[in-house]
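S.K.: prediction below, plus the sequence it came from.
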Amino acid sequence: MSIASLTPTTRSVATQFDLSTGLAAGTASLRRPLSAMAGMYADAEAFAVAVAVEDVLSYEFYDMGVPSLETEIAYGTSVTYPGRVGDEYFMTKGHFHTRLEAAEIYLCLSGEGLMLMESPEGDVQVEEFRAGRSVYVPGRYAHRSINTSATEPLITFFAFPGDAGHDYGTIETKGFRKIVVERDGVPTLQDNPRWQS
Ligand SMILES: O=P(O)(O)OC[C@H]1O[C@](O)(CO)[C@@H](O)[C@@H]1O
Ligand SMILES: [Fe+2]
């Protein structure tokens, strides 16, 4: 292959991700400390205590700066760290896509967890993440990654249409219908007591 024959671009076409950390040296990630998750966890008291004790990094991910165009593919890695707020596992905020019909694909690189998905009509789907397993998030489904390991980060690679956009407002206002908590050492799906119709 002639590397010189590649079309010059203002953006890098190749990125080296460290498979043990999920991170790309020299590329800035978007970092979400626990304090950025106010209102997301069911146990508000446990959340306040956890943030006061130490505002740890709960997850980080990459926005590789792909143009927001239908013809482009936004991608990156996402790293959700192990931890809990009360009985609820560390998780991403979660979102619908602004273009609701836009789907997304995830490949789990390491760790273990769940993808929680929910349609506006209230259909809830849960899929398992483990190394080598992909999870396809259909269009119209809000999605949230949840790390169910007590020790290992959940590392995924994701890709979605460049013009999908992120609608965080709906989840910030209403929450997901379901949450995942640890019961007798087992990840368990239960109704979200803070969900608002
Ligand atoms: O955007 P959230 O819900 O905080 O979670 C971050 C994850 O979602 C994505 O936006 C992909 O949909 C990624 O950047 C990352 O995997
Ligand atoms: Fe998404």
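M.R.: Structure's in. What do you need? Numbers count the residues shown, from 1 in each chain. Ligands and ions are numbered 1, 2, ... in the order given.

S.K.: which other helices and strands does the helix-or-strand element of the chain with minimal mean pLDDT contact?
M.R.: Counting by mean pLDDT, DSSP states H and E, the chain has its least confident helix or strand at helix 169-174, which shows a mean of 96. Here helix 169-174 touches strand 142-147, going by 3 or more C-beta pairs under 8 Å, 6 or more residues apart in numbering; DSSP states H and E. Backbone N, C-alpha and C define where each C-beta goes, glycine included.

S.K.: what about the strand it packs on, average pLDDT?
M.R.: Taken as a whole, strand 142-147 carries a mean pLDDT of 98.

S.K.: what's the first helix or strand after that strand?
M.R.: The helix or strand immediately downstream of strand 142-147 is strand 154-161, counting by DSSP states H and E.

S.K.: next, see if that next one gets close to ligand 1.
M.R.: Yes: judged by C-beta under 6 Å from any ligand atom, strand 154-161 comes into contact with ligand 1 at 158, 160.

S.K.: how distant is the very next helix or strand once past that strand from the center of its chain?
M.R.: From strand 154-161 onward toward the C-terminus, using DSSP H and E, the following helix or strand is strand 166-167. For strand 166-167, the separation from the chain centroid amounts to 13 Å (computed by C-alpha atoms, centre = their mean, to the nearest Å).

S.K.: partner strands of strand 166-167, parallel or antiparallel?
M.R.: Sheet pairing here is set by DSSP bridges, and for strand 166-167 it gives strand 96-97 (antiparallel).

S.K.: and the contacts of the strand it pairs with?
M.R.: 104, 120, 139-142, 160, 164-167, 170-171 (C-beta atoms under 8 Å, 6 or more residues apart in numbering).

S.K.: for this protein, what's the longest helix?
M.R.: helix 44-53 (DSSP state H).

S.K.: which strands and helices sit next to that one?
M.R.: strand 84-85.

S.K.: right, and the helix or strand after the strand it packs on?
M.R.: strand 88-89.

S.K.: list of residues touching that following strand?
M.R.: Under the criterion C-beta under 8 Å, 6+ apart, residues 41-43, 83, 113, 146-148, 179-182, 187 lie in contact with strand 88-89.
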